[in-house]
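Participant: Mind looking at a prediction? Sequence and model below.
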Amino acid sequence: MRKLIILRAILNLFFFFLIMNAIGTLFLFILFLFSDELLIPIMIDNQQLTSINQGEIFLMISAFIGFAFFIYGVFLFKKVLNHFTRRKIFNNEIIRYFKLIGVSFIIYSFLTNLSIFIYKIAVSNKFEMVFFSGFNSFLFSTSIGLFFIVLAEIFSIAKNYKEESDLTI
(Lines give C-alpha, C1' and ligand atoms only; values in the text may rest on other atoms or scores of the structure.)
Protein backbone atom coordinates (compact mmCIF):
# COMPACT_ATOMS: atom_id res chain seq x y z
CA MET A 1 0.00 0.00 0.00
CA ARG A 2 2.93 2.31 0.63
CA LYS A 3 4.00 1.99 -3.01
CA LEU A 4 0.53 3.06 -4.07
CA ILE A 5 0.74 6.17 -1.90
CA ILE A 6 4.15 7.05 -3.37
CA LEU A 7 2.84 6.48 -6.90
CA ARG A 8 -0.18 8.72 -6.23
CA ALA A 9 2.06 11.48 -4.85
CA ILE A 10 4.39 11.33 -7.86
CA LEU A 11 1.46 11.25 -10.27
CA ASN A 12 -0.19 14.23 -8.54
CA LEU A 13 3.03 16.22 -8.85
CA PHE A 14 3.42 15.18 -12.49
CA PHE A 15 -0.19 16.13 -13.22
CA PHE A 16 0.31 19.54 -11.59
CA PHE A 17 3.31 20.24 -13.83
CA LEU A 18 1.40 18.99 -16.89
CA ILE A 19 -1.43 21.45 -16.18
CA MET A 20 1.05 24.31 -15.62
CA ASN A 21 2.78 23.41 -18.88
CA ALA A 22 -0.55 23.31 -20.74
CA ILE A 23 -1.58 26.72 -19.39
CA GLY A 24 1.80 28.24 -20.30
CA THR A 25 1.77 26.67 -23.75
CA LEU A 26 -1.77 27.88 -24.43
CA PHE A 27 -0.86 31.38 -23.26
CA LEU A 28 2.24 31.49 -25.50
CA PHE A 29 0.31 30.06 -28.44
CA ILE A 30 -2.29 32.84 -28.14
CA LEU A 31 0.52 35.40 -27.95
CA PHE A 32 2.11 33.96 -31.10
CA LEU A 33 -1.17 34.07 -33.00
CA PHE A 34 -1.77 37.75 -32.30
CA SER A 35 1.83 38.95 -32.58
CA ASP A 36 3.64 39.99 -35.74
CA GLU A 37 7.04 38.83 -34.54
CA LEU A 38 8.13 36.03 -32.28
CA LEU A 39 8.92 37.18 -28.76
CA ILE A 40 10.54 33.88 -27.78
CA PRO A 41 12.59 31.78 -30.20
CA ILE A 42 10.90 28.55 -31.22
CA MET A 43 12.79 25.50 -32.46
CA ILE A 44 11.06 22.90 -34.64
CA ASP A 45 13.14 20.11 -36.14
CA ASN A 46 16.37 21.92 -35.15
CA GLN A 47 15.37 25.00 -37.13
CA GLN A 48 14.67 28.30 -35.45
CA LEU A 49 11.48 29.93 -36.62
CA THR A 50 11.53 33.59 -37.55
CA SER A 51 7.79 33.85 -38.16
CA ILE A 52 4.79 31.61 -37.84
CA ASN A 53 2.99 30.40 -40.95
CA GLN A 54 0.08 28.00 -41.42
CA GLY A 55 2.32 24.93 -41.20
CA GLU A 56 3.64 25.88 -37.79
CA ILE A 57 0.15 26.80 -36.59
CA PHE A 58 -1.13 23.38 -37.73
CA LEU A 59 1.78 21.70 -35.92
CA MET A 60 1.19 23.66 -32.70
CA ILE A 61 -2.56 23.03 -32.69
CA SER A 62 -2.27 19.30 -33.34
CA ALA A 63 0.55 18.95 -30.81
CA PHE A 64 -1.51 20.82 -28.21
CA ILE A 65 -4.59 18.67 -28.87
CA GLY A 66 -2.40 15.57 -28.58
CA PHE A 67 -0.95 16.94 -25.35
CA ALA A 68 -4.50 17.46 -24.05
CA PHE A 69 -5.26 13.78 -24.72
CA PHE A 70 -2.10 12.85 -22.80
CA ILE A 71 -3.19 15.01 -19.85
CA TYR A 72 -6.64 13.39 -19.96
CA GLY A 73 -5.02 9.94 -19.83
CA VAL A 74 -2.94 10.92 -16.80
CA PHE A 75 -6.06 12.36 -15.16
CA LEU A 76 -7.89 9.06 -15.67
CA PHE A 77 -4.90 7.17 -14.28
CA LYS A 78 -5.15 9.34 -11.16
CA LYS A 79 -8.81 8.31 -10.84
CA VAL A 80 -7.83 4.64 -11.15
CA LEU A 81 -5.28 5.03 -8.37
CA ASN A 82 -7.94 6.68 -6.19
CA HIS A 83 -10.17 3.63 -6.71
CA PHE A 84 -7.26 1.34 -5.85
CA THR A 85 -6.65 3.30 -2.64
CA ARG A 86 -10.27 2.67 -1.64
CA ARG A 87 -9.72 -1.02 -2.53
CA LYS A 88 -12.21 -0.92 -5.42
CA ILE A 89 -10.24 -3.00 -7.88
CA PHE A 90 -12.57 -5.06 -10.05
CA ASN A 91 -14.98 -2.33 -11.01
CA ASN A 92 -16.59 -1.52 -14.36
CA GLU A 93 -15.43 2.07 -13.95
CA ILE A 94 -11.78 1.02 -13.70
CA ILE A 95 -12.09 -1.16 -16.79
CA ARG A 96 -13.61 1.79 -18.68
CA TYR A 97 -10.87 4.11 -17.39
CA PHE A 98 -8.14 1.72 -18.54
CA LYS A 99 -9.67 1.59 -22.04
CA LEU A 100 -9.95 5.38 -22.15
CA ILE A 101 -6.37 5.81 -20.93
CA GLY A 102 -5.16 3.50 -23.69
CA VAL A 103 -7.16 5.27 -26.38
CA SER A 104 -6.01 8.67 -25.09
CA PHE A 105 -2.35 7.68 -25.22
CA ILE A 106 -2.72 6.23 -28.72
CA ILE A 107 -4.45 9.39 -29.97
CA TYR A 108 -1.69 11.46 -28.33
CA SER A 109 0.94 9.37 -30.07
CA PHE A 110 -0.67 9.62 -33.49
CA LEU A 111 -1.48 13.34 -33.27
CA THR A 112 1.95 14.45 -32.16
CA ASN A 113 4.00 12.15 -34.38
CA LEU A 114 1.80 12.42 -37.46
CA SER A 115 1.75 16.22 -37.31
CA ILE A 116 5.55 16.36 -37.07
CA PHE A 117 5.79 13.87 -39.95
CA ILE A 118 3.47 15.98 -42.14
CA TYR A 119 5.31 19.16 -41.12
CA LYS A 120 8.67 17.71 -42.13
CA ILE A 121 7.30 16.67 -45.52
CA ALA A 122 5.59 20.00 -46.17
CA VAL A 123 8.27 22.41 -44.91
CA SER A 124 11.63 20.73 -45.27
CA ASN A 125 10.70 18.16 -47.95
CA LYS A 126 12.11 15.34 -45.81
CA PHE A 127 10.42 11.96 -45.67
CA GLU A 128 11.51 11.10 -42.17
CA MET A 129 9.82 9.47 -39.22
CA VAL A 130 11.64 8.49 -36.05
CA PHE A 131 10.17 5.34 -34.57
CA PHE A 132 12.47 5.11 -31.59
CA SER A 133 13.88 8.01 -29.67
CA GLY A 134 13.38 6.97 -26.08
CA PHE A 135 10.24 7.47 -24.02
CA ASN A 136 8.81 10.03 -26.45
CA SER A 137 8.89 7.71 -29.43
CA PHE A 138 5.90 6.73 -31.52
CA LEU A 139 6.30 3.01 -30.82
CA PHE A 140 6.69 3.42 -27.07
CA SER A 141 3.72 5.74 -26.55
CA THR A 142 1.52 3.59 -28.80
CA SER A 143 2.65 0.47 -26.90
CA ILE A 144 1.76 2.08 -23.58
CA GLY A 145 -1.70 2.87 -24.94
CA LEU A 146 -2.15 -0.71 -26.12
CA PHE A 147 -0.89 -1.95 -22.74
CA PHE A 148 -3.69 -0.08 -20.96
CA ILE A 149 -6.27 -1.49 -23.38
CA VAL A 150 -4.95 -5.03 -22.73
CA LEU A 151 -4.98 -4.28 -19.00
CA ALA A 152 -8.66 -3.35 -19.30
CA GLU A 153 -9.34 -6.73 -20.92
CA ILE A 154 -7.42 -8.52 -18.17
CA PHE A 155 -9.37 -6.68 -15.48
CA SER A 156 -12.62 -7.51 -17.28
CA ILE A 157 -11.75 -11.21 -17.33
CA ALA A 158 -10.66 -11.10 -13.67
CA LYS A 159 -13.90 -9.33 -12.72
CA ASN A 160 -15.93 -12.08 -14.41
CA TYR A 161 -13.92 -14.77 -12.61
CA LYS A 162 -14.44 -12.96 -9.31
CA GLU A 163 -18.19 -12.74 -9.88
CA GLU A 164 -18.34 -16.46 -10.74
CA SER A 165 -16.28 -17.28 -7.66
CA ASP A 166 -18.57 -15.20 -5.45
CA LEU A 167 -21.61 -17.05 -6.78
CA THR A 168 -20.15 -20.49 -6.04
CA ILE A 169 -19.30 -19.73 -2.42
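Facilitator: Everything's here; your move.

Participant: Quickly note the distance from the spatially most central residue of the chain to residue 125.
Facilitator: Central residue check for the chain by Cα atoms, centre = their mean: the C-alpha nearest the mean position is that of residue 70, 1.9 Å away. If you measure residue 70 against residue 125 using Cβ to Cβ, to the nearest Å, the figure is 29 Å. From N, CA and C alone the C-beta is placed, and that goes for glycine too.

Participant: and what of residue 1?
Facilitator: Distance of residue 1 to residue 125, computed by Cβ to Cβ: 55 Å.

Participant: got it, and residue 20?
Facilitator: Distance, residue 20 to residue 125, by Cβ to Cβ: 36 Å.

Participant: Give me the more crowded residue out of these two.
Facilitator: It is residue 20, of residue 20 and residue 125, that has more neighbours when counted by other Cβ atoms under 10 Å, with 10 against 7.

Participant: tell me which strands and helices the helix or strand containing the more buried one is in contact with?
Facilitator: For residue 20, the enclosing helix or strand under DSSP states H and E is helix 2-33. Under the contact criterion of 3 or more Cβ pairs under 8 Å, 6 or more residues apart in numbering; DSSP states H and E, helix 2-33 touches helix 54-85.

Participant: The helix it packs on vs helix 2-33, what angle?
Facilitator: Computed with axes from the mean of the first three to the mean of the last three Cα atoms, to 10 degrees, the direction of helix 54-85 lies at 160 degrees from that of helix 2-33.

Participant: Buried residues in helix 54-85, which are they?
Facilitator: Within helix 54-85, the residues that count as buried by 16 or more other Cβ atoms under 10 Å are 56, 59-60, 62-64, 66-77, 80-81, 84.

Participant: One more: stretch 16-36?
Facilitator: Judged by neighbour count (16+ other Cβ under 10 Å), stretch 16-36 contains these buried residues: 18, 32.

Participant: Since that was my last question, I'll sign off now.
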